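Trainee: sequence unknown, structure follows:
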């Protein structure tokens, strides 16, 4: 388990740090400030009648945190749970939630001018949650508004009446 | 340095006065009413007393009388800081031995000026 | 904020003190209200009057200092009235208490508006001010806008025997005719700052008029003022903007002697005024006073001997202002403490579980230490939970006022009795029980207690009694609302239920009939009063109580009265639970809902229509709920089948839950599932088991409802 410290003292202004991870064929980046820690996968307590991609809830040092398997949500190919399975714990405005992804890469610094708007790219993820495309060398990162994505009703965390 | 004893049953007023005085470099001792003030006066070195008039147990005028009875405080400047503005009250204050009667709301700068004039 | 200081105060930011002032003012207003309600008008006690005066005075001082002139001006008027009362210059009458209570309310509302950032309109206070002024002058005012019927009922809670008499016409302020004055203000550095004085005349209705006049002296301003108010009053008001030493009032044209009977006068000795001012140096320092600058020798205090008297005194504390042996703590800090204690309980449980497998002889010290830890953790937990416990009196305290106003409105007489005010309850519960209780109290007063003449006809005293009580019983707190009113009519309720299509039988036991009033839309009131009776209240009351894991029971005898009993668990955060196993999963049931458990005999189970099952328990048939089905628990081959039934009860109904096994009973720390996730059906929360995993706590009332 790695706990990431949220200090931005070393970031020159105009740039932001993104945590990058793989999901299916794509590589994504999310604002590092929303990431609380990265953990291995532990069997959550199942919640009846929840969608399949919501695996259940776990105990994170006393807080009950739901675990969402993004691989299932975005229809990636076969899903396994083993010692390499990684969970990103997000600390968002209204909640703490864990997401299961294929793998976590590294933290990249991107200047705002290195980010291009995303044309209507084919992505499993709703384009309104895509902030833009960032390129670092050969890699192309799809930058996500993770806050918006997780509050989306179809992510199952928010009741439709909220 | 000797301290200013500020007496008021209202915590927010006490805080405000303390803040004003410490901002001007004075040391402050707080008391919640006249009785508490008498105890604090014994315990600390007091250069000036700044008291509200309307307080439970012992009010400003009562406190002034008691302090003046004690040789230690016969000449200590005692300023009553209060919303009471009637001349009758002022006279009573004067008769009890108060050094001055200041009416609230007070201008912090002015309060400091008055204190500077009388503090020893 | 309005600039109420004569000079600049730009170096000092007062806003950081606002919050403390708001809290303080709220406490003072509460205290003032309590004291006003308890005031015995026939023999008003000096200490009480002084106490009430001091509350108003304190709020006035603070509001003036912080620039909340609207509150300062209102409380200033209240203070004037109270000052006359405490000096026995006027006698207390119920209208005074009324107007002071209303003014306290108005002050609250004005302060709340300031606290919220001055949004929206401020409540107008001119009417209140007018009434206060008239009362203080000793004349009977016109009836306030919320008109009372011609024969007014005496105030319900105070024991005053005075009957309110409503005057026919508004009386003018006694005595003073309009006066014309010249007002000279100065010396001031900033002449424009004196404009604030002019604004007084604009903002305060009835104060009078003010006109600029040419003034030769630099640093001075001159005005012509026409007013009914006394000089004292004017000075008191102006003191918010300029200091008294800067104001000179001269009679411009004195047709008659200046009348000093106007309200708020602290100073009957007009003669003293001129002399006093001369003796005061510009800074408010007395000439020749001890401690004043330039005084050489000590001035012997007239009449006092200079004896070395010990200054310490043993004065008794005054009743109205209590010695504080408590400290204010932010609720967030308390909650954090409770969370941490809860964590400790969980970790300790985990340690206990993991140490079960250890060899006792080889680990004697460790195990002994863990046993000690267990005890200490329980003690700590209890102590921490008790921090959040506050006495029921905080809930009960709103009722005297509410009842007084309501009884007046309905023309009924009521005596409120409270019992068990010291009984403690978790703060979270207090907040949630207040609304349901309020509704029940209103209900009693509106529908239960009869009008005085009806009560007399029924052979009762004309005054009804409403009793609120709280007590600890077992692991719960029981709160009761009892009245000696007309009670409920069984037939009426049954008929009403039939009208609404609710299935009832004539043989229904009484206690079930009374529970009908909780059905949605149920109200047997002939007219819908605006107090209650719209039929939306009682079912919400029951829902609110159920949401707190509580239950409610009613007892009633027609013609005699009614009693509503609410039973609540002592705290929301920790609960006694029973764990049950279904498949590989563990679920927790609140022990308070569990009636019994047994191994089921298949012969006792019968299947009815639509596949639902009933089980026979002694002489009763009750529905069966298979937890495996409700929660979709995955099953593997060779799994132990469910054959244990746990009977749970909620809202008077029973249901049997089918589970695999009983795992044990223990205290559980209740965690909120909704904070990071969302509301899950049939689940009321979650907890962390000794092995660190999460278990869901079942919502027994929703499970029971499901079976209907």
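Mentor: Received the coordinates, thanks. Here the structure is a predicted model, which means the values were calculated and not measured.
Trainee: how about the helices in chain A?
Mentor: Assigned by DSSP state H, the helices in chain A fall at A:70-73, A:146-151.
Trainee: how distant is the last one from the center of its chain?
Mentor: Taking CA atoms, centre = their mean, to the nearest Å, the mean C-alpha location of helix A:146-151 is offset from the chain mean by 9 Å.
Trainee: Residue 133: how many residues sit nearby?
Mentor: Just so you know, I chose chain A. By the criterion of other CB atoms under 10 Å in any protein chain shown, residue A:133 has 17 neighbours. Any C-beta I mention is one placed from the backbone N, CA and C, and that applies to glycine too.
Trainee: ah, I was thinking of chain C
Mentor: 22.
Trainee: touching chain B at all, whichever strand or helix holds it?
Mentor: Applying DSSP states H and E as the criterion places residue C:133 in helix C:126-136. No - applying CB under 8 Å from any CB of the partner chain, one finds helix C:126-136 separated from chain B by no less than 15.5 Å.
Trainee: and that helix, what other elements does it pack with?
Mentor: Judged by 3 or more CB pairs under 8 Å, 6 or more residues apart in numbering or on different chains; DSSP states H and E, the packing partners of helix C:126-136 are helix C:69-86, helix C:94-115.
Trainee: List the buried residues in that helix.
Mentor: Neighbour counts over helix C:126-136 (16 or more other CB atoms under 10 Å in any protein chain shown) mark C:128, C:129, C:130, C:131, C:132, C:133, C:134, C:135, C:136 as buried.
Trainee: same question, stretch C:537-554
Mentor: Buried residues in stretch C:537-554 (16+ other CB under 10 Å): C:537-538, C:541-542, C:544-546, C:548-552, C:554.
Trainee: gap between it and the chain center?
Mentor: Relative to its parent chain, stretch C:537-554 has a centroid offset of 21 Å by CA atoms, centre = their mean.
Trainee: just stretch C:98-107 next, same as before
Mentor: Relative to the chain's own centre, stretch C:98-107 is displaced by 16 Å; criterion: CA atoms, centre = their mean.
Trainee: What residues sit buried inside it?
Mentor: Quick answer for stretch C:98-107 (16+ other CB under 10 Å): C:98, C:99, C:100, C:101, C:102, C:103, C:104, C:106, C:107.
Trainee: Give me the local confidence score for the residue positioned nearest the centre of chain B.
Mentor: A centroid search over chain B (CA atoms, centre = their mean) returns residue B:50, at 1.5 Å, as the residue closest to the centre. We have a pLDDT of 94 for residue B:50.
Trainee: Within the helices and strands, which one has it?
Mentor: If you go by DSSP H and E, residue B:50 is part of strand B:46-51.
Trainee: which residues in the stretch 601-708 of chain C form helices?
Mentor: Listed in chain order, the helices found in the stretch 601-708 of chain C under DSSP state H, counting those that start in this stretch are C:627-630, C:700-706.
Trainee: which residues touch the first one?
Mentor: By CB atoms under 8 Å, 6 or more residues apart in numbering or on different chains, the surrounding residues in contact with helix C:627-630 are A:48, C:580, C:582-583, C:587, C:633, C:635, C:642, C:657-659, C:682, C:703, C:706.
Trainee: Show me which of these are buried.
Mentor: Buried among those by 16+ other CB under 10 Å: A:48, C:580, C:582, C:583, C:587, C:633, C:642, C:657, C:658, C:659, C:682, C:703.
Trainee: and of those residues, the nearest to chain B?
Mentor: residue C:682 (49.2 Å; CB to the nearest CB).
Trainee: Am I right that the closest one is in contact with residue C:698?
Mentor: Yes - using CB atoms under 8 Å, residue C:682 is in contact with residue C:698, at 6.2 Å.
Trainee: for chain A, what helix or strand is lowest in average pLDDT?
Mentor: strand A:2-3 (a mean of 50; mean pLDDT, DSSP states H and E).
Trainee: and the nearest residue to residue C:135 once chain neighbours are set aside, how far is that from residue C:134?
Mentor: The shortest distance from residue C:135 to any non-neighbouring residue, by CB to CB, 6 or more residues apart in numbering or on different chains, is to residue C:96 (5.2 Å). According to CB to CB, to the nearest Å, residue C:96 stands 10 Å off from residue C:134.
Trainee: cool, and residue A:110?
Mentor: 73 Å.
Trainee: and what of residue B:74?
Mentor: Taken as CB to CB, the span from residue B:74 to residue C:134 is 48 Å.
Trainee: thinking again about what came up before, please name every helix or strand in contact with the helix or strand that the helix holding residue C:133 is followed by.
Mentor: Next helix or strand after helix C:126-136 toward the C-terminus (DSSP H and E): strand C:179-185. Contacts defined by 3+ CB pairs under 8 Å, 6+ apart place strand C:179-185 against strand C:221-227, helix C:231-238, strand C:247-253.
Trainee: Appreciated, that's everything.
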